[in-house]
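A.B. asks: Predicted model and sequence follow; I will ask about them next.
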Amino acid sequence: MVKKPVKYSVVDAFTDTPFKGNPAAVCLLEEERDEEWLKAVAREFNTPVTCYLTPIQDSEKNTQSNPRFRLRWFTTVAEVELCGHATLASAHVLFASGLVKSSIIEFLTLSGILIARKIPAREKLDGSRLLNGAAEEDFSIELDFPTFSVTECDPTEIPSIPLTLNGASMINIKKTAIGFIIVELPSGQAVADLEPHFDELLKCTARGVIITGIAPHGSGFDFFSRFFCPKWGVNEDPVCGSAHCALAPYWSTKLGKSDFLAYMASPRGGILDLHLDEETQRVQIRGKAVTVMEGSLFA
């Protein structure tokens, strides 16, 4: 049987400007595909992450339930357990296309059920409304993600970090529960200026390295960060939502606050609005996205 063409979109996440933020390819599947096909398509798109959405039918026909989709994420080399920017891109495609009418979508993923909520531009962060309103298509998306605990690093786990960072000064080094290392530099400007050694990054025991620093005075941000993960086939992830599952509790401890405006200082750049719920150990990640390409896969 000839399979139907698969509709796809390429979306730039955590930005409202094309060719900024982090690109993700979002493929809408009517049925599950085998893993080799999923990997091959991810290699074809060659974006940091390609993701696949499959609708989950409600067997009980409960019209009050939120629409649900199975969501999987692939880099060019492997499936990943959690991806923030591709989840935001997926929600953007579903909301912007009108494929879902609800303001809430539930994604069934390797990291459990993740919630995406459509936030009209006229709604402020505190839930109140702007008086002058805004166009209906102008919206942000809020993701509800788990936090990642941050703990001390054993020196044997980080032998190559000084070489990795090309001699940059370090203030602090931590590790996360999912195998990333967090390195704090003296300033956000040092984060933006960093030119790491990717050969050394590949030798690092960590799955990836998050670089962060306090934002420059007057920038309007709380902290800057960058994320390097060549082991996953991505030297630098332009804007990594899941890294902020660790960065939010890290900076909450340092700054004594729960709300942050964060900037990922990669060459493409991206903005994330964060709220840490210490009681539930969840982090709300809010951002915008823009669709830059649409088409069909015929393979």
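C.D. replies: Noted; the coordinates are in hand. Keep in mind the model is a prediction, meaning the values are calculated, not measured. Numbers count the residues shown, from 1 in each chain.
A.B. asks: Parallel or antiparallel, which strands does whichever strand or helix holds Lys118 pair with?
C.D. replies: In this assignment (DSSP states H and E), Lys118 forms part of strand 112-120. Sheet pairing of strand 112-120 (DSSP bridges) gives strand 104-109 (antiparallel), strand 139-146 (antiparallel).
A.B. asks: Export these to TSV and append columns for distance to Ile211 and mean neighbour count.
C.D. replies: (Each C-beta comes from the backbone N, C-alpha and C, glycine too.) Shown next, in TSV, are those (distance: least, C-beta to C-beta, whole Å; neighbours: other C-beta atoms under 10 Å):
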stretch	distance to Ile211	mean neighbour count
strand 104-109	26	19
strand 139-146	20	20
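A.B. asks: Dump those into TSV; add distance to Glu81 and mean pLDDT as well.
C.D. replies: TSV is the format used below for the strands paired with strand 112-120 (distance: least, C-beta to C-beta, whole Å; pLDDT from 0 to 100):
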stretch	distance to Glu81	mean pLDDT
strand 104-109	8	97
strand 139-146	11	97
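A.B. asks: related to what we said a few turns ago, in CSV, list the C-alpha atoms belonging to the strand holding Lys118.
C.D. replies: Taking C-alpha atoms only, strand 112-120 is exported to CSV below (Å, rounded to 0.1, in the frame of the first residue of the first chain):
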residue,chain,number,x,y,z
GLY,A,112,5.5,11.6,30.6
ILE,A,113,2.6,13.9,29.8
LEU,A,114,3.7,17.4,29.0
ILE,A,115,1.2,20.3,28.8
ALA,A,116,1.3,23.2,26.3
ARG,A,117,-1.0,26.1,26.8
LYS,A,118,-1.8,28.9,24.3
ILE,A,119,-1.4,32.3,25.8
PRO,A,120,-3.1,35.2,23.9
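A.B. asks: And the closest residue in space to Thr15 that isn't next to it in sequence, how close does it get to Ser90?
C.D. replies: The spatial neighbour of Thr15 that comes closest, neighbours along the chain excluded (C-beta to C-beta, 6 or more residues apart in numbering), is Gly21 at 3.0 Å. The spacing between Gly21 and Ser90, counted by C-beta to C-beta, to the nearest Å, is 14 Å.
A.B. asks: Nothing else from me, thank you.
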